[in-house]
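# Compute the structure for the input listed below.
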Amino acid sequence: MLKFEVASSQLALRKTRADTVQSFAHQVVLDYSAAGMKFRQAVVDAKLKQPRDVLDAGHKALSDELARTPPGKAFAKVYVEVQIKGLRDDLELVQAYAEGGDNERMKFFAQEMVPLLRSHLEQAEKLKR
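Residues are numbered from 1 along each chain as shown. This is a model prediction of the structure:
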């Protein structure tokens, strides 16, 4: 989840010049890089094994789609659409864990992430308009 948002947003910083998209992508990189550190610490605190640092199939497909998209306005449009889809999926997953997760430390992390994901989703949806 976090890996995709950071990687796709770093790609957006290189492949589009739209100020609003650049600003959003930069914020995503900052926020999710910090969230990644919090996640790794939560995993340690919860005495869990660190997950593999690879994209799941869904995020890999989205990443591949972005990589094939030419730079400029076309990229900005696809980037925003992909972010919205990814953020909706992530929010649903994280919110479900925040409400009913089986590990208190990871549940707390999920509860911290819900407002951030929701905020980024709202921002991405505004970019689409």
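# hmm, who's touching the helix or strand of the chain with the lowest mean pLDDT?
Ranking every helix and strand in the chain by mean pLDDT, DSSP states H and E puts helix 57-68 at the bottom, with a mean of 87. Identification of contacts with helix 57-68 by Cβ atoms under 8 Å, 6 or more residues apart in numbering yields 1, 3-4, 7-8, 11, 55, 75, 78-79, 82, 85-86, 89. All C-beta atoms are positioned from the backbone trio N, CA, C, and that covers glycine.
# From these, list the buried ones, please.
Burial by neighbour count, judged by 16 or more other Cβ atoms under 10 Å, picks out 1, 3-4, 7-8, 11, 55, 75, 78-79, 82, 86, 89 from the contacts of helix 57-68.
# secondary structure class for the residue located most distally from the centre of the chain?
In the chain, the residue that sits farthest from the middle, by Cα atoms, centre = their mean, is residue 47; the gap is 24.2 Å. What DSSP: H, G, I helix; E, B strand; the rest coil gives for residue 47 is coil.
# And it, its phi and psi?
Here is the backbone geometry of residue 47 (degrees, to the nearest 10): phi 60, psi 40.
# swap in residue 8?
phi -70, psi -30.
# now the nearest residue to it once chain neighbours are set aside: how far from residue 111?
Of all residues not flanking residue 8 in the chain, residue 66 sits nearest, at 5.6 Å (Cβ to Cβ, 6 or more residues apart in numbering). When distance is defined by Cβ to Cβ, to the nearest Å, residue 66 is 29 Å away from residue 111.
# Between the two, point out the one with more neighbours.
residue 66 (20 against 15; other Cβ atoms under 10 Å).
# For stretch 103-115, give the mean pLDDT please.
In this model, stretch 103-115 has a mean pLDDT of 96.
# For it, list every residue counted as buried.
Using 16+ other Cβ under 10 Å as the test for burial, stretch 103-115 gives 103, 105-107, 109-110, 113-114.
# Can you give the contact residues for stretch 22-31?
With contact meaning Cβ under 8 Å, 6+ apart, stretch 22-31 is reached by 5-6, 9-10, 12-13, 16, 79, 83, 116, 120, 123-124, 127.
# Just the buried subset of those, please.
Burial by neighbour count, 16+ other Cβ under 10 Å: within the contacts of stretch 22-31 this picks out 5-6, 9, 12, 16, 79, 83, 116, 120, 123-124, 127.
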